[in-house]
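Peer 1: Quick one: sequence plus predicted model below, questions after.
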Amino acid sequence: MVCGLAAGAWLGAAEAPTKLVTIGLSPFLISLAMVAGVFVARWTVPTVIKGTGYVYVDLRAKAHLIVWAVLAGAIWAVANTLTVFAIRDVGISIAFPLWNTNSLVGLFWGWLLFRELRGGGWQGWVKVLGGSIAIVVGATLLGYASAHQSAGEPQRATTGILAALGAGVLWGTMYIPYRKAYLSGMNPLSFVTVFTVGELLTMGTLAVIFRGGVGPLLEELTLARPALFWLFLGGFCWVLGDLFQQYAAKYIGIGRGIPLSNTNQLWGLAWGALVFGELAGHTGSTQTLIIAGSVIMIVGAVGISTAVAPAAERASWREAMERECARYGLKIEELVASQAGEDPLARKVTARRWWDGLIVAGAVGIFIWLALGAESPPLAMNAQWTAAIILATLALLFAGGWFLWKRTRFS
């Protein structure tokens, strides 16, 4: 649960740099730069925590999951590009809650494919169903508010709404490989290392196709050089948020973990309204609708997350793990131990490799090089609220990291 809440804060922070779309940068360029930042960070963070030797042994033992991780990364890249279009057309504070309908999609897949909520009892179903209805109601309010405030540009508002909802469908479906990986005992740090390959390949292909080829894309990247640091930083924040989200999905399931991480809509509202002043020019009724819709969706997510899995449901989860064992020749004892926070793989891993340090040094060097050429973004921002939100986000980082280390040693 702590990981789910920390994920919300860091996933919310990751979207702040996408406001650069409002100054004319292409959504494809922004998404590509963020994915490049994600690629750098997703190879670096696992190396720092566990080392490449650990990741290699984990992937070799569960090689069948590599294609699932690449597929999940490809889906993420498309969904992330859609969110940039949504932010351009309707703003962060409105787009965030709309694409967070992914919790409904993830809830459905968790029930259908991984036996989540089976044996959960009527109380669990009431909480989940009530939370789902609240999420739909909140999304409807926000959709109405966005169309109302963009009355002069109805086509653009509609495009933004559809882009946000499309991202929600894709991100909800992306959680299928997540849950499959963790029922098979894979460490989230190993999964994201391959996940990022699918992201970068897909996003690179999309950018080349839709920006007219490699030449025009490189020219656009050169012109956007002063903003690349902020986009890479957004990708780094996303990695931290996604890692917390994956640990939440591992230990409490996607039906509960994803709604908790979807509190990123609250952080998105804070960044959009308090830092960038997105609600300043709107009427009182529109602001009320946006805030009410966000609050209702958060209440729905909390309702879903309080549906704690009883013993009968956990037995149903075990059936899903036994199915994976039978299909891929895994050992049920190791999977059960992994779900309990133990790390059976750690005993099989040799010492860290000499190139681990080079990977970390290279990543740090890339960020330093980008920072040297960075310029302050030409966006109106409230410095006090920016500092307050960053401090709160860092507090959740340390809290989530401490709990993970104490309870699981990042298993």
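Peer 2: Noted; the coordinates are in hand. Numbering: from 1, shown residues only.
Peer 1: How about L231: what's its closest non-neighbour residue?
Peer 2: Using C-beta to C-beta, 6 or more residues apart in numbering and skipping residues adjacent in sequence, the residue nearest L231 is A33, 3.7 Å away. Using the backbone N, CA and C atoms, a C-beta is placed for each residue, glycine as well.
Peer 1: How far off centre is the helix or strand containing the one you found?
Peer 2: Per DSSP states H and E, A33 falls inside helix 27-49. Between the centre of helix 27-49 and the centre of its chain there are 12 Å (C-alpha atoms, centre = their mean, to the nearest Å).
Peer 1: Likewise for stretch 185-193?
Peer 2: How far stretch 185-193 lies from its chain's middle: 15 Å, per C-alpha atoms, centre = their mean.
Peer 1: Dump it to PDB, restricted to CA.
Peer 2: Output in PDB follows, covering the C-alpha atoms of stretch 185-193 (Å, rounded to 0.1, in the frame of the first residue of the first chain):
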ATOM      1  CA  GLY A 185       8.300 -14.900  -9.200                       C
ATOM      2  CA  MET A 186      10.200 -12.400 -11.400                       C
ATOM      3  CA  ASN A 187      11.700  -9.400  -9.600                       C
ATOM      4  CA  PRO A 188      10.200  -6.000 -10.700                       C
ATOM      5  CA  LEU A 189      13.700  -4.700 -11.200                       C
ATOM      6  CA  SER A 190      14.400  -7.400 -13.800                       C
ATOM      7  CA  PHE A 191      11.100  -6.900 -15.500                       C
ATOM      8  CA  VAL A 192      11.600  -3.200 -16.100                       C
ATOM      9  CA  THR A 193      15.000  -3.700 -17.500                       C
END
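Peer 1: For that stretch, buried residues please.
Peer 2: G185, M186, N187, P188, L189, S190, F191, V192, T193 (16 or more other C-beta atoms under 10 Å).
Peer 1: Could I get the average pLDDT for that stretch?
Peer 2: Stretch 185-193 comes out with an average pLDDT of 88.
Peer 1: Also stretch 23-43?
Peer 2: Averaged over stretch 23-43, pLDDT sits at 84.
Peer 1: Can you mark which positions in it are buried?
Peer 2: 25-43.
Peer 1: and what of stretch 112-123?
Peer 2: Buried, per 16+ other C-beta under 10 Å, within stretch 112-123: F114, R115, E116, L117, G119, G120.
Peer 1: List the contacts of the first one.
Peer 2: The one in question is F114. Going by C-beta atoms under 8 Å, 6 or more residues apart in numbering, F114 touches R179, K180, L183, G253, I254, W317, A320.
Peer 1: May I see these organised as CSV, with secondary structure, distance to G400 and neighbour count added?
Peer 2: Output for the contacts of F114, formatted as CSV (DSSP: H, G, I helix; E, B strand; the rest coil; distance: C-beta to C-beta, whole Å; neighbours: other C-beta atoms under 10 Å):
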residue, secondary structure, distance to G400, neighbour count
R179, helix, 20, 25
K180, helix, 24, 20
L183, helix, 22, 25
G253, coil, 18, 26
I254, helix, 18, 31
W317, helix, 23, 20
A320, helix, 26, 19
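Peer 1: May I see those residues organised as JSON lines, with distance to A270 added?
Peer 2: JSON lines is the format used below for the contacts of F114 (distance: C-beta to C-beta, whole Å):
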{"residue": "R179", "distance to A270": "29"}
{"residue": "K180", "distance to A270": "33"}
{"residue": "L183", "distance to A270": "34"}
{"residue": "G253", "distance to A270": "27"}
{"residue": "I254", "distance to A270": "25"}
{"residue": "W317", "distance to A270": "35"}
{"residue": "A320", "distance to A270": "37"}
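Peer 1: Nearest to R407 among the buried residues of stretch 112-123?
Peer 2: Nearest to R407, judged by C-beta to C-beta, of the buried residues of stretch 112-123 is E116 at 21.4 Å.
Peer 1: distance of the closest one from A320?
Peer 2: 8 Å (C-beta to C-beta, to the nearest Å).
Peer 1: F367 too?
Peer 2: Distance, F367 to A320, by C-beta to C-beta: 40 Å.
Peer 1: likewise A69?
Peer 2: Distance of A69 to A320, computed by C-beta to C-beta: 19 Å.
Peer 1: okay, which residue is most central for this protein?
Peer 2: D242 (4.3 Å; C-alpha atoms, centre = their mean).
Peer 1: Tell me who's in contact with L266.
Peer 2: L266 neighbours (C-beta under 8 Å, 6+ apart): G8, G12, S294, I298.
Peer 1: Distance of it relative to K406?
Peer 2: For L266, the distance to K406 - C-beta to C-beta - is 26 Å.
Peer 1: Please apply the same query to R327.
Peer 2: Distance of R327 to K406, given as C-beta to C-beta: 33 Å.
Peer 1: Please apply the same query to A301.
Peer 2: 26 Å.
Peer 1: just to revisit the earlier point, which neighbouring elements make contact with the helix or strand that comes right after the helix holding A33?
Peer 2: Next helix or strand after helix 27-49 toward the C-terminus (DSSP H and E): helix 52-61. In terms of contacts (3 or more C-beta pairs under 8 Å, 6 or more residues apart in numbering; DSSP states H and E), helix 52-61 is packed against helix 27-49, helix 188-210, helix 355-372.
Peer 1: As TSV, these with distance to G130 would be great.
Peer 2: Output for those, formatted as TSV (distance: least, C-beta to C-beta, whole Å):
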stretch	distance to G130
helix 27-49	35
helix 188-210	30
helix 355-372	44
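Peer 1: Quick one, which of the ones you listed gets closest to G341.
Peer 2: From the helices and strands packed on helix 52-61, taking C-beta to C-beta, the stretch that ends up closest is helix 188-210, at 12.4 Å.
Peer 1: Buried residues, that closest one. List them.
Peer 2: Buried-residue list, helix 188-210, by 16+ other C-beta under 10 Å: 188-200, 202-204, 206-208.
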